[in-house]
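Trainee: sequence first, then the predicted structure:
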Amino acid sequence: MSESQGSESTQRLPVLEKAEKAEKADEGGLGQSASAADYEPVGGESGGRFWSARRIPAALVAVLLLLVAGAFLYDIAAVRADRPAMAWRRELAAQLAERPLDDIWVLVGAGVAAALGLWLILLAATPGLRAVLTMRRTHPDVRAGLHRDAAALVLRDRAMEVSGVQSARVRMRRSRADVRAVSHFRELDDVRADLDDTLAEAIKGLGLSRPPALSVHVRRPGRKG
């Protein structure tokens, strides 16, 4: 038999108190402890954000262009066949010829067209899919993403494992995870310190290419009645 020595000892070391604790506020008899956790996000190899296919905007634009092009094509073909032009095209041509450029309806139409154009440019230049967090690439041919709601659920489950936590809510953003917990016993600062450590490890375990910063708030439950 052999004994474990030195660093191989399995005895758990006592948790050291943090040198600086967050401010403690008492409002209406309710204590609260808040912190930005002592956690440094570590980046990893990333292939960038996932791009949305934009199927609905693309389909709407395609249908609109198809209808407009089809109407003009039919009218031009009718005129070539020695038939009179359709009333709506004659009225449109007359309005465009008679109305000045500073007319209110001309300005409104130009504004609507410009807004639609800017919207399409914005959709084409931005990736979208903000709810999907990019994960680290362990293989060059494989990309993976994690939905923010799933990540928030994992962090909430880990937070509920901390002693003293009665309930927890997690709001997962792209760059920060906001955790608000209610503790019904233990010191708030002790609960918050355990949450900092537990959730920091949980975030690292998610395997995100850009791990979010962690913000933890702990308070006492409200009084009933």
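Mentor: The structure has been received and is ready for your questions. Numbers count the residues shown, from 1 in each chain.

Trainee: mind listing what's buried in the longest helix anywhere in the chain?
Mentor: As assigned by DSSP state H, the longest helix anywhere in the chain is helix 55-80. Buried residues in helix 55-80, counted by 16 or more other C-beta atoms under 10 Å: Asp75. Any C-beta I mention is one placed from the backbone N, CA and C, and that applies to glycine too.

Trainee: tell me what it is packed against?
Mentor: Helices and strands touching helix 55-80, as assessed by 3 or more C-beta pairs under 8 Å, 6 or more residues apart in numbering; DSSP states H and E, comprise helix 104-125.

Trainee: check which helices and strands the helix it packs on sits against.
Mentor: On a contact count with 3+ C-beta pairs under 8 Å, 6+ apart, helix 104-125 meets helix 55-80.

Trainee: next SSE downstream of the longest helix of the chain?
Mentor: helix 87-98 (DSSP states H and E).

Trainee: that following helix to helix 104-125, inter-axis angle?
Mentor: Interaxial angle of helix 87-98 relative to helix 104-125 (axes from the mean of the first three to the mean of the last three C-alpha atoms, to 10 degrees): 110 degrees.

Trainee: from Gly164, how far out is the residue lying farthest from the centre of the chain?
Mentor: The C-alpha centroid of the chain is most remote from Asp82, which lies 58.0 Å away (C-alpha atoms, centre = their mean). Distance, Asp82 to Gly164, using C-beta to C-beta, to the nearest Å: 88 Å.

Trainee: same check on His147?
Mentor: 29 Å.

Trainee: how many neighbours does Ala159 have?
Mentor: Ala159 has 24 neighbouring residues, counting by other C-beta atoms under 10 Å.

Trainee: so where does it fall, helix or strand?
Mentor: Here Ala159 sits within helix 148-160, counting by DSSP H and E.

Trainee: list the buried residues in that helix.
Mentor: For helix 148-160, burial by neighbour count (16+ other C-beta under 10 Å) applies to 148, 151-152, 154-156, 158-159.

Trainee: can you name the residues that contact the closest residue in space to Arg89 that isn't next to it in sequence?
Mentor: Excluding its sequence neighbours, the residue lying closest to Arg89 (C-beta to C-beta, 6 or more residues apart in numbering) is Asp75, at 5.3 Å. Contacts for Asp75 (C-beta atoms under 8 Å, 6 or more residues apart in numbering) come out as 85-86, 89.

Trainee: show the pLDDT at Asp75.
Mentor: We have a pLDDT of 86 for Asp75.
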